[in-house]
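A.B. asks: fold the following, please.
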Amino acid sequence: MTPPISPDSQSATTNAYGRILLNAVLSGLPIQDDPVTFAVDRPARRSRTAEWPEWASNNVVRALQDQGIAKPWIHQAEAADLAHRGSHVVVSTGTASGKSLAYQLPVLTDLESDPRATALYLSPTKALGADQLRAVTALTDASQTLSGVHPCGFDGDTSTEIRQWARENSRWIFTNPDMLHISLLRTHGRWAHFLRNLRYVVVDECHSYRGVFGSNVALVLRRLKRLAARYGADPVFVLASATTSDPGPAASRLIGAPCAEITTDGSPHGPRTVALWEPPLMDAVTGENGSPVRRPAGTEAAKIMSDLVREGARTLTFVRSRRGAELTALATKRHLAEVDPTLAERVSPYRAGYLAEDRRELEAALADGRLLGVATTNALELGVDIAGLDAVVVAGFPGTVASFWQQGGRSGRRGEGSLVVLVARDDPLDTYLVHNPAALLDKPVEATVTDPSNPYILGPQLLCAAMELPLSDAEAAELGAEDVLADLAADGLIRHRAHGWFVTAGITPHSAVDIRGGIGRQIAIVESASGRMLGTVDAGKGPATVHPGAVHIHQGETYVVDDLDLEDGLALVHSEEPDWTTSARETTEISVKEVVDHQLLGDVDIMSAQVEVTHQVVGYLRRTVSGEILDYTELDMPRHTLPTRAVMYTITPDLLEQAGIEPHRVPGALHAAEHAAIGLLPLVAMCDRGDIGGVSTALHADTLLPTVFVYDGHPGGAGFADRGYARLRDWLAATRDAIKACECEFGCPSCVYSPKCGNGNDPLDKAGAVIVLTAVLDAITRTDPHEPRQ
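C.D. replies: Numbers count the residues shown, from 1 in each chain. Below you'll find the predicted structure:
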């Protein structure tokens, strides 16, 4: 084994250690098999500090200094100062940049100076909320003048006794948007004292609030603001975000008010070597229709982690599921046992239920060197303070650039050199990123997408708001909700009176709204053995996601669905760790109901439209973890119609023929372009591939032309298709580049194959897709002045 090399011996401005680690990983590979498509040394960033603000409490400053914070970094001081002066502010900086101090300083200062003032903290995960509560409790315990703050958690696991104590005594409540919606706002009369004195609302990890979840949270926050105003309060919102595109406008959309942004990061970090790794195509294994498949990202990650551990590097590997984490850890142990059995004992999966004591033990074991390698799920990216890692391996792009940096940013967190490796999955977006590193490394290309005006989201939220406090006509007009309220009134759910809108007697809207789930009726996912509810899924998505035999992953745990009862809204599952995954196959039809906006670009017409999508799940495939197909099972599921938004384009047969696409190739070329575009939309809109769908046809009944659609998978839309329309050129250019970058001959899962294609990925014309996309992009370029932009 190569002796460990101390990071302390390197220069502060170079990353010799990161390069040494990367070379060690590559040393056993033939030159012709080099999987690294790109590697770069990113320089260290020096600390930039500011003086403590004059308005800051001496006691709070002293408590922070006792924790080793001599001075605030510039972004902490700027954000804290804006908040103290009454401005809503979002601080959008990197991992481990101390964003929490930006709100701790003004909140604790004001809670000390005004013994009646209160504050509310919101986080998307219990783990993060618990960690922040622990940090604030340590500060309040350190100062006698802060002893009356009584910070307290308030979530679904909080006992009745503690909930009552928190309402009566706590001046800083730590909770989540779910409890804010279902408990605090619904029973606001019991929280009158707290709301009357509400000075600050902290929204942590606000970039997590996107799509349907984000749109629901945006409306929950508006309900909070109107109730606070009812009691005479006007709280300041302080938001913390990972580095994203346009954090100020995104935060403003979330809270419904102008929000200043702080993006200059004053925290230090050491130099990093970032490597992008594309696993090779396998010779012995083929996928659907004989397509080539790549070596699994988890398999590659295990070999990389074993090489890093051999070098003495503390390494954290992120994979997508608990089962994947366990398999990666086991494979790493197996590699190490062949070289040094003692090293195998210093590798572990992180598989605890995210309990505080488990996280603390993991942190301690990595910090003191008892553990050198840990494989974990993406859930660990929030709420765990793991510092000083020598390397991070990310097995598969985690969905957003923000998440990638939250994971990769854990390397070198003590100012030392480090290595970050992204291992590409068999997916078009991963293919694009490893061949176009600027999209990942040079700038945040994503914007958080929310659409609170979606009537399918707005309607149930209006009922909740009216139940809490009757809605005035002025509020309805401000929200543009008159038509939605009229529809609710026609359904007998709400009544209009001289003093506003009142919920009909007997209606209890809060429990019907799952802000993390989907829209409309929900299917409960329940573990058969224990009766424990794991979560919910839209009734419309149920046949595709929780059909009998489907593999369901919940917080890294793997389950298999035994039964789906659509009438009762119930899916029964059992815990299992299968060596296979499932993907549903569905047929799709689409009709255009209204063209919202369009640009005619010669022979190409691009449109944003209201559409109706009719799905029917017809079966599912089982695949091994290597991508090999095991079998196909037919299903008989009901048809489901989804009203939603789509971005679409048509292209004339003449242009296709001029571009070299003969009529018999048109269906396959459009089909391949559609599949790849679905895979690449997350590049410009913070969505998951499962949030969207697509249809392509050589002759659509509504357009009478060859047409490609990409639509939101949620009733009314979630803003993703609209984002695609606004960034069409960037999106389709990236799609074309991803297809061209893939070295397969006729198509594979890394470029134009889709795991849920109802047509069995046939026909697909990879070369034709490049020609189609080039023709559309050329048309946009020729008519650039009218290209839709955000």
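
A.B. asks: would you check how far apart the closest residue to Val25 other than its chain neighbours and Ile515 are?
C.D. replies: For Val25, ignoring the flanking residues on the chain, the nearest one in space by Cβ to Cβ, 6 or more residues apart in numbering is Asp307 at 4.5 Å. For glycine as for every other residue, the C-beta is placed from the backbone atoms N, C-alpha and C. Asp307 is 43 Å from Ile515, where distance means Cβ to Cβ, to the nearest Å.

A.B. asks: the helices in the stretch 351-500 of the chain, which residues?
C.D. replies: 356-368, 401-408, 428-435, 438-441, 455-468, 473-479, 482-490 (DSSP state H, counting those that start in this stretch).

A.B. asks: please save the CA atoms from the longest one in PDB.
C.D. replies: Coordinates of the C-alpha atoms in helix 455-468 are reproduced here as PDB (Å, rounded to 0.1, in the frame of the first residue of the first chain):
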ATOM      1  CA  PRO A 455     -55.100  26.300 -10.100                       C
ATOM      2  CA  TYR A 456     -54.800  22.600  -9.000                       C
ATOM      3  CA  ILE A 457     -52.400  23.800  -6.200                       C
ATOM      4  CA  LEU A 458     -54.000  27.100  -5.600                       C
ATOM      5  CA  GLY A 459     -57.500  25.800  -5.100                       C
ATOM      6  CA  PRO A 460     -56.900  23.600  -2.100                       C
ATOM      7  CA  GLN A 461     -54.600  26.200  -0.500                       C
ATOM      8  CA  LEU A 462     -57.300  28.900  -0.900                       C
ATOM      9  CA  LEU A 463     -59.700  26.600   1.000                       C
ATOM     10  CA  CYS A 464     -57.100  26.300   3.800                       C
ATOM     11  CA  ALA A 465     -56.500  30.100   3.800                       C
ATOM     12  CA  ALA A 466     -60.200  30.800   4.000                       C
ATOM     13  CA  MET A 467     -60.700  28.300   6.800                       C
ATOM     14  CA  GLU A 468     -58.000  30.100   8.800                       C
END
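
A.B. asks: what's that helix in contact with?
C.D. replies: With contact meaning Cβ atoms under 8 Å, 6 or more residues apart in numbering, helix 455-468 is reached by 181, 185-186, 188, 212, 215-216, 219-220, 222-223, 226-227, 451-452, 471, 479, 481, 483-485, 487-488, 493-494, 500-503, 507-510, 512-513, 519-520, 714-716.

A.B. asks: okay, angle between that helix and helix 482-490 too, please.
C.D. replies: 70 degrees (axes from the mean of the first three to the mean of the last three Cα atoms, to 10 degrees).

A.B. asks: how far is helix 455-468 from where the chain is centred?
C.D. replies: 25 Å (Cα atoms, centre = their mean, to the nearest Å).

A.B. asks: what mean pLDDT does it have?
C.D. replies: When pLDDT is averaged over helix 455-468, the result is 95.

A.B. asks: then the third one?
C.D. replies: Averaging pLDDT along helix 428-435 gives 93.

A.B. asks: try stretch 640-660
C.D. replies: pLDDT averaged over stretch 640-660 gives 95.

A.B. asks: may I see the buried residues of that stretch?
C.D. replies: Within stretch 640-660, the residues scored as buried using 16 or more other Cβ atoms under 10 Å are 640, 642, 644-651, 655-656, 659.

A.B. asks: and the nearest residue to Phe404 once chain neighbours are set aside, what are its phi and psi?
C.D. replies: Distances taken as Cβ to Cβ, 6+ apart put Pro398 closest to Phe404, at 5.7 Å, once the chain neighbours are dropped. The phi/psi pair for Pro398 (degrees, to the nearest 10) reads phi -80, psi 10.

A.B. asks: is it true that Pro398 touches Phe318?
C.D. replies: Yes: counting by Cβ atoms under 8 Å, Pro398 touches Phe318, with 6.8 Å between them.

A.B. asks: out of these two, which sits in the busier spot?
C.D. replies: Each of Pro398 and Phe318 has its neighbours counted (other Cβ atoms under 10 Å); Phe318 has more, 30 against 20.

A.B. asks: that one falls within a strand, correct?
C.D. replies: Yes: secondary structure of Phe318 (DSSP: H, G, I helix; E, B strand; the rest coil): part of a strand.

A.B. asks: I'd like the numbering to begin with 52 instead of 1 from here.
C.D. replies: Right, with 52 as the first residue, what we last looked at is Phe369.

A.B. asks: roughly how far does it sit from Val398?
C.D. replies: 15 Å.

A.B. asks: could you do Thr609 as well?
C.D. replies: Taken as Cβ to Cβ, the span from Thr609 to Val398 is 21 Å.

A.B. asks: and what of Trp631?
C.D. replies: Where Val398 is concerned, Trp631 sits at a distance of 25 Å (Cβ to Cβ).

A.B. asks: can you check Ala153 too?
C.D. replies: Counting by Cβ to Cβ - Ala153 and Val398 are separated by 36 Å.

A.B. asks: please apply the same query to Ala540.
C.D. replies: Ala540 is 61 Å from Val398, by Cβ to Cβ.

A.B. asks: between those two, point out the one with more neighbours.
C.D. replies: Val398 (27 against 14).

A.B. asks: who touches the more buried one in this structure?
C.D. replies: Contacts of Val398 by Cβ under 8 Å, 6+ apart are 356-357, 360, 380, 383-384, 387, 422-426.

A.B. asks: wait, a strand at Tyr671?
C.D. replies: Yes: under three-state DSSP, Tyr671 sits within a strand.

A.B. asks: contacting residues for it?
C.D. replies: 598, 600-601, 633-636, 683-684, 686.

A.B. asks: of those, grab the buried ones for PyMOL.
C.D. replies: Buried residues among the contacts of Tyr671 (16+ other Cβ under 10 Å), as a PyMOL selection:
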select buried, resi 598+600+601+633+634+635+636+686
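
A.B. asks: how far off centre is stretch 668-676?
C.D. replies: Counting by Cα atoms, centre = their mean, stretch 668-676 comes out at 25 Å from the chain centroid.

A.B. asks: which among the buried residues of stretch 691-711 gets closest to Arg97?
C.D. replies: For Arg97, the nearest member of these is Val698. The distance, counting by Cβ to Cβ, is 43.3 Å.

A.B. asks: secondary structure class for that closest one?
C.D. replies: Applying three-state DSSP: Val698 is strand.

A.B. asks: and what of Leu381?
C.D. replies: helix.

A.B. asks: which residue is nearest the middle of this protein?
C.D. replies: Ser259 (5.6 Å; Cα atoms, centre = their mean).

A.B. asks: contacts only, for it.
C.D. replies: 175, 265 are the contacts of Ser259 under Cβ under 8 Å, 6+ apart.

A.B. asks: now the longest helix seen in the chain and helix 506-519, what's the angle there?
C.D. replies: In the chain, assigned by DSSP state H, the helix with the most residues is helix 262-281. Here the directions of helix 262-281 and helix 506-519 differ by 20 degrees (the same axes, to 10 degrees).

A.B. asks: so how far is helix 262-281 from its chain's centroid?
C.D. replies: The answer for helix 262-281 is 20 Å, by Cα atoms, centre = their mean.

A.B. asks: just the CA trace of the helix or strand following that helix, in CSV.
C.D. replies: Where DSSP states H and E defines the elements, the next helix or strand beyond helix 262-281 is strand 287-292. These are the backbone C-alpha positions of strand 287-292, laid out as CSV (Å, rounded to 0.1, in the frame of the first residue of the first chain):
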residue,chain,number,x,y,z
VAL,A,287,-38.5,39.4,8.2
PHE,A,288,-37.7,36.4,6.1
VAL,A,289,-34.1,35.1,6.1
LEU,A,290,-33.5,32.4,3.6
ALA,A,291,-30.5,30.1,3.1
SER,A,292,-29.8,28.5,-0.3
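
A.B. asks: now strand 287-292: mean pLDDT?
C.D. replies: Per-residue scores along strand 287-292 average to 96.

A.B. asks: kindly report the same for stretch 728-744.
C.D. replies: 87.
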